[in-house]
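> Got a predicted structure plus its sequence, pasted below:
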Amino acid sequence: MSEFVPWDSQPLEVWAARHAPGLFVDLEGRRTHYVVKGTGPPVVLVHGFNLDLNTWRCNIDALAERFTVYALDLWGSGFSTREPLDYGYPLFVAQVRAFMDHLEIDRTHLVGHSMGGGTAIVFGVQHRSRVERLVLVDPVGVPRRLPVRGRLFMLPLIPEFLMGLNTDLVRRKNLLDYWIHDAELLTDEHFETLSRHQKVEGSTRATLDVLRRNFFNTLDREIRALADLDIPTLLVWGRHDRSVPLESGMTMHRILVGSRLEVFDDAGHLPNVDQAERFNEVVIEFLGGEV
């Protein structure tokens, strides 16, 4: 058995040299890690809270058969910069915009999960001319309280203690309770891939800073503004999502008149993982790549 590497312990440069699967670009003086694969119309993938671009590890190859797929690590996550920042939608929208500018992506399909879905909503409202279609995967945004455990992790000291324990238990339990519905999918290899970025120094501080700013479900105005635009929008929801329940998806679908809602019965907060094959087929068809 390999030696346990403590959480929040590894210098970013060292850990990235060992494990980062993609490329790096400096945007506004900050490093962004990303992967790119495939040919065809561009699709930009934006991950959610406490995750990184490995959110899409079950989807990138399938999408890349018909599109040029870009998946980036938001600042504070993955192998992107960990410096203290004013985390929130304005920062993440600015990062996505700068990323597209640097890679000369004029217009793109934009796919966002959870907090990344909220980022995609705001981006679409603020930069309508740069978005072809939106895919929102269990997105946050509709006003509601965080789950109990989310509120617990907003308290002082307790979450730092729990996340600093030399064990996988806390993170594995969070993934199984609030992200992944099918426990058999969370193999040791999959867990390591999804959580590896949290070994980087500054990860705990960044994660808790994002959470404690409590901005996730604050997009009532932006969702209603999106409804007034002509962006074709697909909502994908896991019926068993305990992080952002289907009720929020139904509310968003009612507001976004003309949107398409796909509910995956045997899925939680990561339907793109729980039912990857179906997710890939639905998204490719919606984006115009057929199947």
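On my side now, so go ahead.
> how about the residue lying closest to Gly116 once chain neighbours are set aside, phi and psi?
The shortest distance from Gly116 to any residue other than its chain neighbours is 3.4 Å, reached at Val46 (CB to CB, 6 or more residues apart in numbering). The C-beta positions use only the backbone N, C-alpha and C, and glycine is treated the same way. With angles defined as degrees, to the nearest 10, Val46 sits at phi -120, psi 120.
> next one: Glu132
Dihedral angles for Glu132 - degrees, to the nearest 10 - are phi -80, psi -60.
> Likewise for Leu103?
Per degrees, to the nearest 10, the residue geometry at Leu103, taken as phi and psi, is phi -90, psi 10.
> For the residue nearest to Gly116, name its beta-bridge partners.
Leu72, Gly112 (DSSP bridges).
> Renumber starting at 214 from here on
Yes, from this point I'll number from 214; that puts the last item at Val259.
> Tell me how many other residues crowd it.
Under the neighbour criterion other CB atoms under 10 Å, Val259 is assigned a count of 30.
> May I ask you to confirm that it is in contact with Gln308?
No. Applying CB atoms under 8 Å as the test, Val259 and Gln308 come out as separate, 9.3 Å apart.
> what's the overlap in contacts for these two?
Common neighbours of Val259 and Gln308 are listed as 285, 287 (criterion: CB atoms under 8 Å, 6 or more residues apart in numbering).
> sorry, back to before: if I pick the residue nearest to Gly329, what's in contact with it?
Here Val259 is in contact with 285, 287, 305, 309, 323-326, 329-330, 332-333 (criterion: CB under 8 Å, 6+ apart).
> The same query, at a cut-off of 6 Å, please.
With contact taken as CB atoms under 6 Å, 6 or more residues apart in numbering, Val259 is in contact with 325, 329, 332-333.
> among these, which are in helices?
For these, the ones inside helices are 329, 332-333, with DSSP state H as the criterion.
> Emit the PyMOL select command for whichever of the residues you listed are buried.
Buried residues within the ones in helices among the contacts of Val259, as defined by 16 or more other CB atoms under 10 Å, are selected in PyMOL through the command that follows:
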select buried, resi 329+332+333
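> now the helices for the stretch 264-413 of the chain?
Counting by DSSP state H, counting those that start in this stretch, one finds helices in the stretch 264-413 of the chain at the ranges 273-277, 302-315, 328-339, 361-365, 371-376, 382-391, 401-408.
> and Val248, that one's in a strand?
Yes. Applying DSSP: H, G, I helix; E, B strand; the rest coil, one finds Val248 inside a strand.
> State the pLDDT value of it.
If you check Val248, the pLDDT there is 98.
> same thing with Ser215?
What the model reports as pLDDT for Ser215 is 70.
> Also Lys412?
Among the per-residue scores, Lys412 holds a pLDDT of 97.
> measure it to Glu397 for me?
With distances defined as CB to CB, to the nearest Å, the gap from Lys412 to Glu397 amounts to 25 Å.
> Equivalent analysis for Leu407, please.
The spacing between Leu407 and Glu397, counted by CB to CB, is 15 Å.
> Same drill for the two, tell me which one is more crowded.
Neighbour comparison, Leu407 and Glu397: the larger count goes to Leu407, with 23 against 6 (by other CB under 10 Å).
> how far away is the more buried one from Val348?
Counting by CB to CB, the separation of Leu407 from Val348 is 20 Å.
> and if you look at Val227?
For Val227, the distance to Val348 (CB to CB) stands at 35 Å.
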